[in-house]
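**Q** Have a look at this prediction, sequence included:
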Amino acid sequence: MPASAQSSRRPKALKKEQVDLLVTGGTVVTMNARFRVIEDGAIAIRGDKILAIGPSVEIATRYTRARRILARGKLVLPGLINTHGHAPMVLFRGIANDLTLQDWLEKYIFPAEARNVTEEFVIWGTRLAALEMIRGGITTYADMYYFEDAVARETKAAGMRGVLGQTIIDFPVPDAKTPADGLVRAEEFLKRWKGDPLIRPAVAPHAIYTNSKETLQSAAELARRHKAPLLIHVAETKRELDDSLATHGMTPVAYLDSIGLLGPNMLAAHCVWVNDADIALLARNQVGCAHNPSSNMLLASGVAPVPAMLAGGVRLGLGTDGPAGSNNDLDLMEEMDLAAKLQKVSRMDPQALEARQTLAMATIGGARALHMESEIGSLEVGKRADLIVLNLNSPHAVPMYDLYAQIVYSLKSSDVQTVVIGGKVVMHDRRVLTLNEAEIIARAREYRVQVKHSLAAPQK
């Protein structure tokens, strides 16, 4: 038979489909409903979404790429989700420590904010926070602060995903002299950022002890009208619980329910002092909760009943809180380790919160708390391409017998090597590509001088 005839009968090679990015060769920890783990796995990304996921050999036969990330010998995880924080407060890192929440707020933080917080302060604080979070593998975070429009601009410029709340509070603050001014600013913020692919604008009444019933209800009505999240501190301390019982005759959770605030758009930070009835209310109303172990420990606020909340069906994620004495860093890898160990020792039960449950709280659990589980939190086809690659070559990373235990109890934020958010590489080989690290650190040192001087000056 002629050679030409033989060649015409050979099966034609399948034409590979073009994608923007391939992540290949790593151990892919999907955190999907079946907790699928793919050894020598690969992820194909087009635009900002995951197009395909599976064994590397299978993905390689179907797709060709514009760019490839080689992850052989490494772990590929969903991006971590920080469900509670106050990003610009990094510029107050460590100004007041070893205090109760009320002393920390009233004697140090509120005065420091009054003297220092401007839009420029918020810009540089957000840049520093974004730098720290990206380097630690956080791809999405929830925030409550002032000048939140500046927080949103800087978060987007850094390539991060954010659920960002404009703070509402009943006394004069840096960006609003009255709660009415705060509500006006919040509505402008909601309108400006509606529909953004990275930024989800929110309304953030600070707490029941800093806002009247009328302010809380106005904030909730504004959020509902714009179909926006409502972020608030809830049941953080024993004092808050006692004051609520004395003033309202009910717990903070029950009080918020009685005035119509609980609902599926709420993200409640802390939820330390909650009872079984509160947990049932939170679950029934699909309220997201942010557990902040470092903050609760450092301020001696208490130990949240995490196992009961998970068993009760509460949407529960992990958060760092603000890095200024309630927690002095934005390290969610550390929060995982502490979250698990805190439950074990406080309940004298080594199985109170297991490693896989804890990693779920930092990923898909955080997504559920933010009501974003259809978009982020696990590595699945159709979801946003938010992922991190962790290096396993450090002494503390080997040997590895139990994958989830290694991630939660052994690995560090410094092991995060590469970060992809919405299909875009924002950190590669530990270098953040969207921020000027040297400039940000230099400006943070300048702000230290300003803040320290302001605290030493007599109060006007």
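**A** Nice, I can see it.
**Q** quick one: the helices in the stretch 351-460 of the chain?
**A** In the stretch 351-460 of the chain, the segments counted as helices under DSSP state H, counting those that start in this stretch are 355-362, 364-369, 403-405, 437-456.
**Q** Revised request: answer the last question for the stretch 101-250 of the chain.
**A** Ranges of helices in the stretch 101-250 of the chain, per DSSP H, counting those that start in this stretch, are 101-103, 110-116, 119-135, 148-158, 179-193, 213-225, 238-248.
**Q** got the ones you listed as a markdown table, with mean neighbour count, mean pLDDT and distance to Leu262 columns?
**A** Where you see a C-beta, it was placed from the backbone N, CA and C, and this is true even at glycine. Converted to a markdown table, the helices of the stretch 101-250 of the chain look like this (neighbours: other CB atoms under 10 Å; pLDDT from 0 to 100; distance: least, CB to CB, whole Å):
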| stretch | mean neighbour count | mean pLDDT | distance to Leu262 |
| --- | --- | --- | --- |
| helix 101-103 | 17 | 84 | 23 |
| helix 110-116 | 17 | 89 | 27 |
| helix 119-135 | 23 | 98 | 29 |
| helix 148-158 | 22 | 98 | 23 |
| helix 179-193 | 19 | 98 | 20 |
| helix 213-225 | 19 | 98 | 9 |
| helix 238-248 | 15 | 98 | 14 |
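**Q** host element of Gly263?
**A** In this assignment (DSSP states H and E), Gly263 forms part of neither any helix nor any strand.
**Q** ok, it - how many residues close by?
**A** Neighbour count of Gly263, defined by other CB atoms under 10 Å: 15.
**Q** Hmm, Thr210 and Phe171 touching each other?
**A** Yes: the criterion here is CB atoms under 8 Å, and Phe171 meets it with Thr210 at 7.4 Å.
**Q** Can you pick out the residue with more neighbours from the two?
**A** It is Thr210, of Phe171 and Thr210, that has more neighbours when counted by other CB under 10 Å, with 20 against 13.
**Q** my read: Tyr255 touches Ile208, true?
**A** Yes: between Tyr255 and Ile208 there is a contact at 6.3 Å, judged by CB under 8 Å.
**Q** neighbour count winner among those two?
**A** Neighbours were counted for Tyr255 and for Ile208 using other CB under 10 Å; Ile208 has more, 24 against 21.
**Q** what residues are up against the closest residue to the more buried one other than its chain neighbours?
**A** Nearest residue to Ile208, sequence neighbours excluded (CB to CB, 6 or more residues apart in numbering): Pro252, at 5.6 Å. By CB atoms under 8 Å, 6 or more residues apart in numbering, the contact list for Pro252 reads Ile208, Val234, Ala235, Glu240, Leu241, Ser244, Trp273.
**Q** Closest to Gln286 out of these?
**A** Closest to Gln286 out of the contacts of Pro252 is Val234 (14.6 Å), distances taken as CB to CB.
**Q** May I have the beta-bridge partners of the closest one?
**A** In this entry, Val234 is beta-bridged to His270, by DSSP bridges.
**Q** mind checking pLDDT for it?
**A** Per-residue pLDDT puts Val234 at 98.
**Q** My understanding was that it contacts Tyr255; is that so?
**A** No: using CB under 8 Å, Val234 is not in contact with Tyr255, being 9.6 Å away.
**Q** and for those two, which residues touch both?
**A** Any residue near both Val234 and Tyr255 by CB under 8 Å, 6+ apart counts here, and that gives Ile208.
**Q** how about stretch 299-316 as CSV, C-alpha atoms only?
**A** Written as CSV, here are the backbone C-alpha positions of stretch 299-316 (Å, rounded to 0.1, in the frame of the first residue of the first chain):
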residue,chain,number,x,y,z
LEU,A,299,-8.6,40.2,73.9
ALA,A,300,-9.8,37.3,76.2
SER,A,301,-13.2,37.7,74.6
GLY,A,302,-14.0,34.0,75.0
VAL,A,303,-14.2,30.8,73.0
ALA,A,304,-16.9,30.5,70.3
PRO,A,305,-18.8,27.2,70.3
VAL,A,306,-17.6,26.3,66.9
PRO,A,307,-18.5,22.5,67.0
ALA,A,308,-22.1,23.4,68.0
MET,A,309,-22.3,26.0,65.3
LEU,A,310,-21.1,23.6,62.6
ALA,A,311,-23.4,20.9,63.9
GLY,A,312,-26.3,23.3,63.9
GLY,A,313,-25.8,24.2,60.3
VAL,A,314,-24.4,27.7,60.7
ARG,A,315,-22.5,29.2,57.8
LEU,A,316,-19.1,29.5,59.5
